[in-house]
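Asks: task: produce atomic coordinates for the following.
(chains A, B, C and D, ligands or ions: 2)
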Protein chains: 2
Amino acid sequence: MELSDNTIERICKVFGHLALLEKKGVEFVSSKELAEQIGTTEYTVRKDISLLGGPGYTRKGYEVSSFKRELGQKFQLTKSRKACIVGLGRLGTALLDYENFQEDGFEIVAGFDCSVNKIERIRTNIDVFPVSRLQEITQARSIELGIIAVPAESAQEIADELTKAGVKGILNFSPVKVNVPARIVHLDMDFTNALRFIAARFVMQNK
Amino acid sequence: MELSDNTIERICKVFGHLALLEKKGVEFVSSKELAEQIGTTEYTVRKDISLLGGPGYTRKGYEVSSFKRELGQKFQLTKSRKACIVGLGRLGTALLDYENFQEDGFEIVAGFDCSVNKIERIRTNIDVFPVSRLQEITQARSIELGIIAVPAESAQEIADELTKAGVKGILNFSPVKVNVPARIVHLDMDFTNALRFIAARFVMQNK
DNA sequence: TATATTCTGTGAATAAATTCACCAATTCTT
DNA sequence: AAGAATTGGTGAATTTATTCACAGAATATA
Ligand SMILES: NC(=O)c1ccc[n+]([C@@H]2O[C@H](COP(=O)([O-])OP(=O)(O)OC[C@H]3O[C@@H](n4cnc5c(N)ncnc54)[C@H](O)[C@@H]3O)[C@@H](O)[C@H]2O)c1
Ligand SMILES: NC(=O)c1ccc[n+]([C@@H]2O[C@H](COP(=O)([O-])OP(=O)(O)OC[C@H]3O[C@@H](n4cnc5c(N)ncnc54)[C@H](O)[C@@H]3O)[C@@H](O)[C@H]2O)c1
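Replies: Ligands and ions are numbered 1, 2, ... in the order given. I've put the predicted structure just below:
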């Protein structure tokens, strides 16, 4: 059965929240609480979950650990996935050193940049390479996800490289939309547009 | 008339693309091209634009400069808006020095952190302050937007501070949803969840 | 034990978003 | 000048998403 992107996104948020609850030792959680935490309604949460057939218990809600395990299995969110970062400027290096990715099942196993200077100067535990070795390293290390943190004008070029290298997904932080074949899942995260949206939304709301 | 969030978000993207085209000196752009650039269909673009009453010209499309001006006016995207960043760690400092915000009409006028050490060590042109002065500075400098880049456990606390300080919008980079009154527009940008979504989406797509 | 409460699951109803179909206007081509 | 092609605008149709309503089940309460 076909899940919508909205549903998948919400389920991912649910998964994240379940992980938190599990750490805290909480045993059960209701659709109402999940809804509050992920910013939607209890109806939507229940509908989403019902599409997956997850079992909830009357007057208790969903069992945190087993439900998390089930989601992890269904969406393969438990196996650790390897990722690389292309563009090691201010944003790229911040991402490189963000150790929380690890515990959420994303392992940054390589960084790439076109500037050899930069590569030599970077202090990090992650291996960094010239971008000319992107294909080689991506394949050798079974990297599944590519994170783009190069300037806008190089973003499409890097998206193409990553595509050729065979990644399954791309997260793009540059402020231009990248085009990749439909088999590759990609998401553009444009901070400037986020600020614009907030501003525009505020203006509309108040007139 | 009421515009949906989807429409507002798309219009913001259109605005961004118009700015690009204007810089390049392009005079007209069709709904089809806009659609390609922002990742939607020409129908949706035309429908969105028709809600705003923007004039398009037969066999030419929309006039880049005047349409951009019109959108800028309607959504007040031309006036420069002041923003601050709270949490000057790896991500916060990357954002602090991102000079492109400026040319898109967002001016970072202050940074805050709880660590006095950090504040003293930071090298940047932007003024940085201890977080205890958040309210004071935000009001003194008419800051409208708050960007949260503190660890998850402090995010809600900072959201509350920003709310009290009277900001109009909040962009939250921590991986927890923050709760603020409905009058304040806010957006959570959770990178980890973005990676999860990409992974989950890929799994679903291939079964 | 009986009754009230609270929770899920899900079909039906409603609402929202997208897509389509096609007219009108303009430009291009021959 | 005639006809073909391209483009926007928009009401209608369709599809998708959300919300509601309520049955069924377990638990709590009296
Ligand atoms: N810094 C931020 O806070 C911020 C905010 C919003 C958006 N962004 C976007 O994120 C991206 C990165 O921003 P940044 O501030 O880190 O930029 P930056 O200029 O600090 O770093 C870019 C890095 O990419 C490298 N690079 C350039 N072309 C390359 C190529 N073809 N292959 C490999 N590496 C290449 C450069 O050597 C540099 O190290 C940009 O697209 C920017 O618009 C950044
Ligand atoms: N670094 C990344 O690439 C990355 C990726 C995904 C998400 N994030 C999220 O962004 C946020 C910041 O990440 P980071 O890597 O920059 O963290 P960091 O630890 O490098 O920096 C956090 C900063 O916040 C300051 N701080 C802590 N509590 C504060 C408070 N109450 N008031 C003011 N300042 C306070 C700290 O002094 C520190 O300077 C986190 O929520 C993180 O989960 C970061």
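Asks: from what I see, A:F191 and B:L171 are in contact.
Replies: Yes. In this structure, A:F191 is within contact of B:L171 by CB atoms under 8 Å, at 7.5 Å. C-beta coordinates here come from the backbone N, C-alpha and C atoms, glycine included.
Asks: and for these two, which residues touch both?
Replies: Taking CB atoms under 8 Å, 6 or more residues apart in numbering or on different chains as the contact rule, A:F191 and B:L171 both touch B:M189.
Asks: now do the SS call for A:K207.
Replies: coil (DSSP: H, G, I helix; E, B strand; the rest coil).
Asks: typed the wrong thing, it's A:C84
Replies: Per three-state DSSP, A:C84 ends up strand.
Asks: closest residue of chain A to DNA strand C?
Replies: Ranking the residues of chain A by distance to DNA strand C (CB to the nearest atom of the strand) places A:G56 first, at 2.6 Å.
Asks: spell out which parts of chain A neighbour DNA strand D.
Replies: Within chain A, the residues that sit near DNA strand D (CB under 7 Å from any atom of the strand) are A:4-7, A:40-41, A:43-44, A:47, A:57-60.
Asks: look up how far A:F173 lies from A:A149.
Replies: From A:A149 across to A:F173, the span is 5 Å (CB to CB, to the nearest Å).
Asks: what's the answer for A:N6, then?
Replies: Distance from A:N6 to A:F173, by CB to CB: 22 Å.
Asks: of these two, who's got more company?
Replies: Per other CB atoms under 10 Å in any protein chain shown, whichever of A:N6 and A:F173 has more neighbours is A:F173, with 21 against 11.
Asks: so that one makes contact with A:I147?
Replies: Yes. Under the criterion of CB under 8 Å, A:F173 makes contact with A:I147 at 7.1 Å.
Asks: and the helices in chain A, which stretches?
Replies: Using DSSP state H, the helices assigned to chain A run over residues A:5-24, A:31-38, A:42-52, A:64-74, A:90-96, A:100-103, A:116-121, A:134-140, A:152-165, A:191-205.
Asks: let me have those helices in TSV, adding mean pLDDT and distance to B:V64 as columns.
Replies: Putting the helices of chain A into TSV (pLDDT from 0 to 100; distance: least, CB to CB, whole Å) gives the following:
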stretch	mean pLDDT	distance to B:V64
helix A:5-24	98	31
helix A:31-38	98	39
helix A:42-52	97	39
helix A:64-74	97	46
helix A:90-96	97	29
helix A:100-103	96	40
helix A:116-121	95	36
helix A:134-140	98	35
helix A:152-165	98	18
helix A:191-205	98	17
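Asks: could I get those helices in JSON lines, plus columns for distance to chain B?
Replies: Below are the helices of chain A laid out as JSON lines (distance: least, CB to the nearest CB, whole Å):
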{"stretch": "helix A:5-24", "distance to chain B": "4"}
{"stretch": "helix A:31-38", "distance to chain B": "6"}
{"stretch": "helix A:42-52", "distance to chain B": "11"}
{"stretch": "helix A:64-74", "distance to chain B": "8"}
{"stretch": "helix A:90-96", "distance to chain B": "4"}
{"stretch": "helix A:100-103", "distance to chain B": "7"}
{"stretch": "helix A:116-121", "distance to chain B": "15"}
{"stretch": "helix A:134-140", "distance to chain B": "16"}
{"stretch": "helix A:152-165", "distance to chain B": "9"}
{"stretch": "helix A:191-205", "distance to chain B": "4"}
